[in-house]
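[1] Starting from these lines, generate the structure:
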Amino acid sequence: MFGVRSGTAEPGYKLVASFGQVEVRQYNPLLAASVTVKGDELAARGAGFRRLAGFIFGGNTTKTSIAMTAPVAQSSAKIAMTAPVAQSSAGAGEWTISFYMPTGYTLATLPKPKDPGIVIQELPPQVFAVYRYSGIPGAGATAKAHAVLLARLARSAWVPVGAPVDWFYDPPWTLPWARRNEAAVAVKPRD
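    As a prediction, this is how the structure comes out:
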């Protein structure tokens, strides 16, 4: 079907627990390419995506193409990027967008970006609570997904650590009902 992901690599994880529509996942260490851009949530996502896509499609020191992975992540709070392609807010009107690099690369072997605003970082293993939803991931939809995730966590054995991020798995031309979006937040067991 046109616009549905097929064969795109995703970060590895182990399912730790699930309750209702929430999964708790242990993610392996990741290597992320991130860029901070200004704008509203949707404009920043698009601008950051284009800059990072330029990097993986040869805009790097070796002119090497790097395989696309999913998801792309986004959040509204300044946080350490820790999973899929990510976006987080670095401040008022600033967002950090991240792509997660395919397994097999290290800081030493990953080509260096030509864009000086792209930062490469190693992310440690981390546990996330994840709520999956479909539809067009505009600001209202992401805020609603964050609220659902945090409300379900409030009644669980897990406590959020930091602010939620959003992970997007599909291209923008994917039919809304077929899109895979996830609200995620780092968690730890409740004391």
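
[2] Is residue 110 in contact with residue 31, as I believe?
    Yes: assessed by CB atoms under 8 Å, residue 110 is found in contact with residue 31 at 6.4 Å. For glycine as for every other residue, the C-beta is placed from the backbone atoms N, C-alpha and C.

[3] shared neighbours of those two, which are they?
    Residues touching both residue 110 and residue 31 by CB atoms under 8 Å, 6 or more residues apart in numbering: 101, 120.

[4] Low-confidence ranges, this structure, go.
    1-7, 74-92 (pLDDT under 70).

[5] cutoff 90 now
    Confidence mapping of the chain against pLDDT under 90 gives the ranges 1-12, 36-46, 67-96, 103-104, 136-140, 165, 169-174, 176, 191.

[6] Which stretches in it count as strands?
    For the chain, the strands defined by DSSP state E occupy 13-19, 22-27, 30-38, 72-75, 86-91, 94-100, 119-123, 126-133, 158-160, 165-168, 181-189.

[7] The third one pairs with which strands, parallel or anti?
    Translated: strand 30-38. strand 94-100 (antiparallel), strand 119-123 (antiparallel) (DSSP bridges).

[8] so which of the strands of the chain comes closest to residue 148?
    strand 126-133 (5.7 Å; CB to CB).

[9] residues in contact with residue 160?
    Taking CB under 8 Å, 6+ apart, one finds 129, 150, 153, 185, 186, 187 in contact with residue 160.

[10] same check, this time on residue 68
    By CB under 8 Å, 6+ apart, the contact list for residue 68 reads 8, 9, 53, 56, 99.

[11] if we can go back for a sec, of all pairs in the contacts of residue 160, which one is the farthest apart?
    150 and 186 (12.5 Å).

[12] and these two? which has more neighbours close in?
    The neighbour count for residue 150 versus residue 186, taken as other CB atoms under 10 Å, is higher for residue 186 (21 against 16).

[13] Name whatever forms a beta bridge with the more buried one.
    residue 128.

[14] close enough to count as contact, it and residue 162?
    Yes: taking CB under 8 Å as the definition, residue 186 is a contact partner of residue 162 at 5.2 Å.

[15] what's the spacing between the residue most central in space within the chain and residue 154?
    Nearest to the mean C-alpha position of the chain, counting by CA atoms, centre = their mean, stands residue 73 at 2.1 Å. To residue 154, residue 73 is 23 Å away according to CB to CB, to the nearest Å.

[16] Contacts for stretch 45-63 next, please.
    So stretch 45-63 is contacted by 33-37, 39, 64-68, 72, 74, 85, 87, 95-99, 111-115, 117-118, 168 (CB under 8 Å, 6+ apart).
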